[in-house]
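# A structural model of the following input is requested.
(2 chains)
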2 protein chains.
Amino acid sequence: MEDFWRAHQVPVSSCRENDEHRQILQHWMQSYQPEDLFDENGQLKAELRALAPNGDKRMGASPWANGGRLRRELITPALQPYAVEVTSPGESQAESTAALGAYLAGIFRENADNFRLFGPDETASNRLSKVFDVTSRTWQAAQKPWDEQLAPDGRVMEILSEHQCQGWLEGYLLTGRHGLFNCYEAFIHIVDSMFNQHAKWLKVSRKLPWRAPISSLNYLLSSHVWRQDHNGYSHQDPGFIDHVANKKADIVRIYLPPDANTLLCVADHCLKTWDRINVIVAGKQPEPQWLTLDGAAKHCADGMGIWYWAGTVEEGETPDVVMACAGDVPTMETLAAVDLLREFLPALRIQVVNVVDLMALQTSDQHPHGLSEEAFDALFTADKPVVFAFHGYPSLIHRLTYLRNNHRNFHVRGFMEEGTTTTPFDMTVLNELDRFHLAQEAILRVPSLQGKADEILDLLQEKIAAHHRYVREYGEDLPEVQNWKWPSQQGSDAAPE
Amino acid sequence: MEDFWRAHQVPVSSCRENDEHRQILQHWMQSYQPEDLFDENGQLKAELRALAPNGDKRMGASPWANGGRLRRELITPALQPYAVEVTSPGESQAESTAALGAYLAGIFRENADNFRLFGPDETASNRLSKVFDVTSRTWQAAQKPWDEQLAPDGRVMEILSEHQCQGWLEGYLLTGRHGLFNCYEAFIHIVDSMFNQHAKWLKVSRKLPWRAPISSLNYLLSSHVWRQDHNGYSHQDPGFIDHVANKKADIVRIYLPPDANTLLCVADHCLKTWDRINVIVAGKQPEPQWLTLDGAAKHCADGMGIWYWAGTVEEGETPDVVMACAGDVPTMETLAAVDLLREFLPALRIQVVNVVDLMALQTSDQHPHGLSEEAFDALFTADKPVVFAFHGYPSLIHRLTYLRNNHRNFHVRGFMEEGTTTTPFDMTVLNELDRFHLAQEAILRVPSLQGKADEILDLLQEKIAAHHRYVREYGEDLPEVQNWKWPSQQGSDAAPE
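Numbering: from 1, shown residues only, chains lettered A, B, ... in the order given. Below you'll find the model as predicted:
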């Protein structure tokens, strides 16, 4: 067959029915001289069998092909030194991935030969440059005098090929080590097919008792759809999490931490897991910080929760509307919408729900993280309108919640494939995910407000028009948008979660 | 900046506030010697302006960069000579893509310099080899005596790189020509990111009045998830259509023709369109043929329809259950399930709906092909159970139909990420998409049958168990499954649509 195109086909196809074919097969097989290889009982001859190595030296038993056997637990530092201080929700701003970068530097310090960071983009551009206090980029070639943070033993693997990063990390995990792949959100689609195969491999290998667990494949998607201020539409695609959600529930996890401390908690958790694929989507731009480290730890453990300090209901009260959010930019826009609603409609009972762990939206028989029916209804009610501001395509929320009691009242805003090179806030307006549209949506969905808040709706519409005029004239967002902060007095009556 | 890593950053960032930065910028800009380039009014000097070419010779005006200007309509042959004869639904079997291959040969005959077929797989393995009656594979290198269908001027572009195929086809379309990319369904995910960028390009370029339309990017996904008998789990992934469905409705179309004549009609339509991305999923294995060419043409034009000949209701009657299907294997399993139900429960009123054009499931404000509310309810009823057998992941059907009146009664079976190297029917059983599970689901969902058909449920369960034992003993499907045919007398009272 060698050198013949039929080598990629079934070369002799009808041996059962066709004598001539069977003879071809027999002739071929006999060319291996089985009489020299096997004894009269059809057993491989003892002297040949003795050529094979023993124990771990056998190809199929090498621990390097069963990396879980070589795996040492990652040593993770305490989170407190890396936490962002939050005295009151929204009071301070921080770059969430910068806090993560400092934590990753701590990981590098504790795990000198056991952890690597992979990425096609500039580690510094994703605000992870604190890692360079401890290690450098792997670099074997010549260096120029002005080059920085390159070293032959560097442990940051930076190369502009998502394929290469994914392949390196898979190999690193499969041989028993730990790692994190950070990537622009839009371009992680480049490895969709490689992700598929790793997910399939995990599903099948988990059933093999001899195969020891390997560390999880962890993705950090930063530089996400909502903050491509200079890059524009080509860099705007939040669909990787849709792709991931198709895979077996046991394998995949998707996290959308709204701020730095939740990102730290989520990353710390993911890095300790095994035999999974964890996707974390988090922003790198300065953004409001909502939760203290303790509040973040509880919120992430629960997967989602009510932010009583942001809403206008007490525990046990029934709201008129649920304002839900998942993702850092949608969380900020939701809280800004709630701020507007509190100002214009002080009597409106609002419940704010933030979702970190997307899989918890599913029912508990769909996903092991799925919330019980009772817990879900406590968050989203059984019959009140839910305005859900989502990081990705709205359909993913519908797909995860369609079995829930209150699904018919879910009104989801997210990326509608409207994008360009524009200001951060204009991106949300183009996709109707901004505070003004969210506030309008809430008013339009609450039955008791029908026909009674038209002036407010008009005022919000005028805000949208004013924004439109302003960004086209000045090339940046309205000062009231740029400088918006969650009013501290609103949060002061309740300690941040 | 040259040869310096800061070249990929903003090199001088604070010119507005910082005098030193502004001087650096000024020094840099002056190095281009603007006084030699511009006159005292700041205009480019006339002798320099004269260097630029005129008209179509200008880089931005070259018709080769605006391929729609060069585009000639594809000449498509009449379909009748390529149609599969269907005297009665399900009576005959055919390889659907083989019929398409003959039609594509006709296209090659009529469009000698204007059409190419691209694929990473063997064109022959995808049953398109009739094209080799007219053209060959492009091949510039040396040939061996036993090589076949290779030629320097061949118009079949076969290379085992999905990226290369996609890039070639995009370039071919962008310069005004026509083409089709055929690929294994699972591996088209390799070009997810390239698909994204082409979809984004189409969305934006459609708004530019000077840009002439180009031919659509057409995908034929054959060798699909349900027939990977030898390849197994690594080759089983129907998720590309989920990825496609995220893009702007104006741009994307997804077709699941259930047999050869519907495939011909769909392909003929897609090849005539422009500025779109069409995805066709169709099997290459011998499968039952349901519709005549005329019936297929009407069915494809409608997007979906009731197959009265298969169900037990007349037009205008209300069914007890809707058995819906999309995709060739789900269609066969649905009809086999209906055959069982007709035998066991002759009084059950069954309406069979087949969906070819997936986007027609959406509401008409979500997608231009979306069926009106009335038309949708006529097919799926307002309140009866719908058992929907789907080619892909079930969540896609929920996502497309969640706004429909009867969505709460949709029970979708599809790929649940359960796969291995096994028989074709066992694949459907593993994912509970087989005739026995579908018949059980129908019985369990019809209120009037509750508690009255337990013996039939048990009998179907015993069928599943018998299948399980048989495939593990014989390595092939039960004879009653392999030899199943739609009973001709059932179809005889109504002409095939």
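
# what does chain A put close to chain B?
By C-beta under 8 Å from any C-beta of the partner chain, the residues of chain A that approach chain B are A:3-5, A:8, A:122, A:144, A:146-148, A:186-187, A:189-190, A:192-193, A:196-197, A:200, A:203-204, A:233-234, A:237, A:239, A:242-243, A:245-248, A:393, A:395, A:398-399, A:402, A:407, A:417. Every C-beta, even on glycine, is put in place using the N, C-alpha and C of the backbone.

# mind giving me the ChimeraX select for these, buried ones only?
Restricted to buried positions by 16 or more other C-beta atoms under 10 Å in any protein chain shown, the ChimeraX selection for the residues of chain A next to chain B reads:
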select /A:122,186,187,189,190,192,193,196,197,200,203,233,234,237,239,242,243,245,246,247,393,395,398,399,402,407,417
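
# from the residues of chain A next to chain B, which land in helices?
A:192-193, A:196-197, A:200, A:203-204, A:242-243, A:245, A:395, A:398-399 (DSSP state H).

# from chain B, how far out is A:R413?
15 Å (C-beta to the nearest C-beta, to the nearest Å).

# show me which pair in the ones in helices among the residues of chain A next to chain B is furthest apart.
With distances taken as C-beta to C-beta, the most widely separated pair in those is A:V204 and A:H398, at 30.3 Å.

# contacts made by stretch A:159-174 with the rest, please.
For stretch A:159-174, the surrounding residues in contact (C-beta atoms under 8 Å, 6 or more residues apart in numbering or on different chains) are A:67, A:116, A:118-121, A:157, A:178-179, A:181, A:183, A:187-188, A:190-191, A:194-195, A:198, A:214-217.

# same thing but 7 Å
For stretch A:159-174, the external contacting residues (C-beta atoms under 7 Å, 6 or more residues apart in numbering or on different chains) are A:67, A:116, A:118-120, A:157, A:179, A:181, A:183, A:187-188, A:190-191, A:194, A:198, A:214-215, A:217.

# before we move on, what about stretch A:108-125?
Against stretch A:108-125 from outside (C-beta under 7 Å, 6+ apart): A:72, A:74-75, A:77, A:104, A:107, A:126, A:129, A:131, A:134-135, A:155-162, A:165, A:168-169, A:172, A:177-184, A:223.

# are any of those residues buried, and which?
Buried among the contacts of stretch A:108-125 by 16+ other C-beta under 10 Å: A:74, A:77, A:104, A:107, A:126, A:129, A:131, A:134-135, A:155-158, A:162, A:165, A:168-169, A:172, A:177-184, A:223.

# please flag which of those residues sit within helices.
Short answer: the buried ones among the contacts of stretch A:108-125 in helices (DSSP H) are A:L104, A:I107, A:E162, A:C165, A:W168, A:L169, A:Y172.

# ok, those residues vs A:A466, which is closest?
Nearest member of those to A:A466, counting by C-beta to C-beta, is A:E162, at 40.4 Å.

# send me stretch A:267-285 as CSV with only the CA atoms.
Taking C-alpha atoms only, stretch A:267-285 is exported to CSV below (Å, rounded to 0.1, in the frame of the first residue of the first chain):
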residue,chain,number,x,y,z
ALA,A,267,-9.1,31.6,39.7
ASP,A,268,-7.9,30.1,43.0
HIS,A,269,-10.7,27.5,42.9
CYS,A,270,-10.1,26.6,39.2
LEU,A,271,-6.4,26.1,39.7
LYS,A,272,-7.1,23.5,42.4
THR,A,273,-9.4,21.4,40.3
TRP,A,274,-8.7,18.4,38.1
ASP,A,275,-10.1,16.7,35.0
ARG,A,276,-12.1,19.8,34.0
ILE,A,277,-12.1,22.7,31.6
ASN,A,278,-12.6,26.0,33.4
VAL,A,279,-13.3,29.2,31.5
ILE,A,280,-13.0,32.5,33.3
VAL,A,281,-14.0,35.8,31.5
ALA,A,282,-12.8,38.9,33.2
GLY,A,283,-11.9,42.5,32.2
LYS,A,284,-8.6,44.1,32.3
GLN,A,285,-9.7,47.8,32.4
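
# could you measure from A:S448 over to B:K57?
Per C-beta to C-beta, to the nearest Å, A:S448 is found 67 Å from B:K57.

# no no, A:R155
Look at A:R155 and B:K57: by C-beta to C-beta, they are 53 Å apart.
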